[in-house]
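Colleague: my questions are about this predicted structure, shown below with the sequence.
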Amino acid sequence: MWILEKVTGFESRFKKFSKKHEIEVSAALSNLQTYVDVLNKTNNLQTANQQLFVHSEQDEMVAIDQRGAKIERKTGKLKATRLYVYAAVINQTVYLLGIGDKDSQKQDLQTFSKKMKKIIRGLSDD
């Protein structure tokens with residue numbers, strides 16, 4: 001059974017982003033649930049990463065976006081949102097690294113890649 005784990009700093013950034021983009025966050029979280037459901041059903045990371053709302057990023061990190069989520073919302077286009085995660089097969093954990101939008105993507109990738117590499121180092125030490 002795959003579990004979710006928030007990395008240090010995730011909660012505060014998530015709360016701040018949620019205040020401005022509540023609907024986008026709901027959509028990304030809905031897609032995150034679908035992602036975890038696919039992992040639990042198939043136990044196949046490649047299958048989970050092939051979902052339409054999943055984007056491969058640098059190294060093994062992926063971004064889950066808001067597209068296609070089954071949520072109630074007002075009409076109009078949602079802001080491009082990225083929920084960055086790292087799924088570690090070794091311990092069946094999806095690490096929640098952070099959230100951002102298209103405007104912050106370059107900086108987000110740098111920041112969250114460092115967090116992901118720290119997790120990987122920790123897992124390899126076990």
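Modeller: Ah, there it is.

Colleague: how far out from the middle of the chain is stretch 111-120?
Modeller: 13 Å (C-alpha atoms, centre = their mean, to the nearest Å).

Colleague: buried residues, it. List them.
Modeller: 111-113, 115-116, 119-120 (16 or more other C-beta atoms under 10 Å). To be clear about C-beta, it is placed using only N, CA and C from the backbone, and glycine gets the same treatment.

Colleague: for stretch 27-41, same thing?
Modeller: Within stretch 27-41, the residues that count as buried by 16+ other C-beta under 10 Å are 27-32, 34-36, 38-39.

Colleague: from these, pick the one nearest residue 59.
Modeller: residue 35 (17.7 Å; C-beta to C-beta).

Colleague: look up phi and psi at the closest one.
Modeller: Main-chain dihedrals, residue 35, degrees, to the nearest 10: phi -60, psi -50.

Colleague: got the contact list for residue 14?
Modeller: Contact partners of residue 14, counting by C-beta atoms under 8 Å, 6 or more residues apart in numbering, are 6, 25, 96, 98-99.

Colleague: please confirm that it is located within a strand.
Modeller: No - applying DSSP: H, G, I helix; E, B strand; the rest coil, one finds residue 14 to be helix, outside a strand.

Colleague: from residue 89, how far out is it?
Modeller: 24 Å (C-beta to C-beta, to the nearest Å).

Colleague: which strands border the one helix or strand residue 86 maps to, and is each parallel or antiparallel?
Modeller: According to DSSP states H and E, residue 86 maps onto strand 81-88. Applying DSSP bridges, strand 81-88 is found paired with strand 62-64 (antiparallel), strand 93-101 (antiparallel).

Colleague: deepest of those strands, which one?
Modeller: When you average the neighbours per residue for each of the strands paired with strand 81-88 (mean count of other C-beta atoms under 10 Å), strand 62-64 leads with a mean of 25.
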